[in-house]
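Got a sequence here, can you build the structure:
(one chain, ligands or ions: 1)
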Amino acid sequence: MIVILNNKCNLSKTEFIKYQEELKTINTEHEVVLCPTYLNINNCQLETIKIGAQNVSCTDNGAYTGEISARDLKDSGVKYTIVGHSERRKYQNESNYDINEKIKRLLENDITPILCIGETEDERNNGLVEYIINKQLSESLRGLLEEKIKKIIIAYEPIWSIGTGLIPDIDDIINVNNFIKKLYPNNQIIYGGSANENNIQNLKSKAIDGYLLGGLSLKPEKIKEFLDQL
Ligand code: PGA
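Okay, the predicted model is just below:
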C-alpha cells in the first residue's frame, strides 16, 4: 500500500521541524510519501519516508517568475508530485491541458505523478461520475504512451468528500476504481477524501492500492493509527 501525506498550505519551517521529528517515529511496512510545502521540501530529513511535492510548473526552467520546475524538484530529492488536485483546479483554474503538461515535465524527470480526479456533488447527483472521470483522464493523459501512463498513480478523490468528513460507500469507490481499471489496467489507483483512523475500516478493499491523506497528514499520532489498520 502507498500512503500519500498532503500537508497542503500548512506548517511553517519551525512547525515542520517539530512535526518531522514525530513522523520519524512511524514504523510501517507501507510506503509513505510526504508532500510538504515547496519551502519545506529542503527541510526534509527523513529516511524511510519519501519526499513528494504538491505541484509543479508546466514549463522547464527559464523566465517563469514564481514557478518551480520538475528538474529542480528532482534535484531536491522529490520522487512523487501531486497534479490536478481539486483545490488547484478550483482556486488556480488549473485545466486538464495544464495538468497534461505538468505530467509530461514530471515524467521527463523520472518523478511519479499522482494524478487527482473526481466529481462534484452535483455531477454525482446527475449521474455524471463516469463521464467526468473519463474526461479528466483522457485529457490529462493525452499524447502519452502506455509505457509512460502506467507509471502514474491515479488518485480518485470525490470533491464533495475532501475535507468534509463525508466518505462514499465503499461499493461506489470500487465501482469507480473498476471503471478506471478498465480504461487504464496497469495503473495504481488510490483513494482520497476525509480518510482517517476512524473510518479506514470502511474504506478498505482489494480495488484500492493506497490512500491520499490531507487533514490527517498533520497529525502524526493519528497517521500511525491509520497505518496500523491497513
Ligand atoms: P482530506 O484531503 O483528507 O483532508 O479530505 C484529501 C485531499 O485533499 O487530498
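
which residues touch the closest residue to the ligand within the chain?
For the chain and the ligand, the shortest gap (CB to the nearest ligand atom) falls at residue 214, measuring 2.2 Å. From N, CA and C alone the C-beta is placed, and that goes for glycine too. Contacts for residue 214 (CB atoms under 8 Å, 6 or more residues apart in numbering) come out as 6, 8, 162-163, 192.

Measure how far stretch 184-193 is from the centre of its chain, please.
Distance of stretch 184-193 from the chain centroid (CA atoms, centre = their mean, to the nearest Å) equals 10 Å.

if you go through the protein in chain order, where are the helices?
In the chain, the segments counted as helices under DSSP state H are 13-23, 38-41, 70-75, 86-91, 96-108, 121-125, 129-140, 146-149, 170-183, 220-228.

how about CSV for those helices, with mean neighbour count and distance to residue 207 added?
CSV is the format used below for the helices of the chain (neighbours: other CB atoms under 10 Å; distance: least, CB to CB, whole Å):
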stretch, mean neighbour count, distance to residue 207
helix 13-23, 14, 28
helix 38-41, 17, 32
helix 70-75, 19, 30
helix 86-91, 16, 21
helix 96-108, 19, 23
helix 121-125, 14, 18
helix 129-140, 17, 14
helix 146-149, 13, 19
helix 170-183, 15, 4
helix 220-228, 17, 19
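
do you know which of those helices lies nearest residue 63?
Closest approach to residue 63 among these is made by helix 70-75 (14.6 Å; CB to CB).

Show me what that closest one is packed up against.
Helices and strands touching helix 70-75, as assessed by 3 or more CB pairs under 8 Å, 6 or more residues apart in numbering; DSSP states H and E, comprise helix 96-108.
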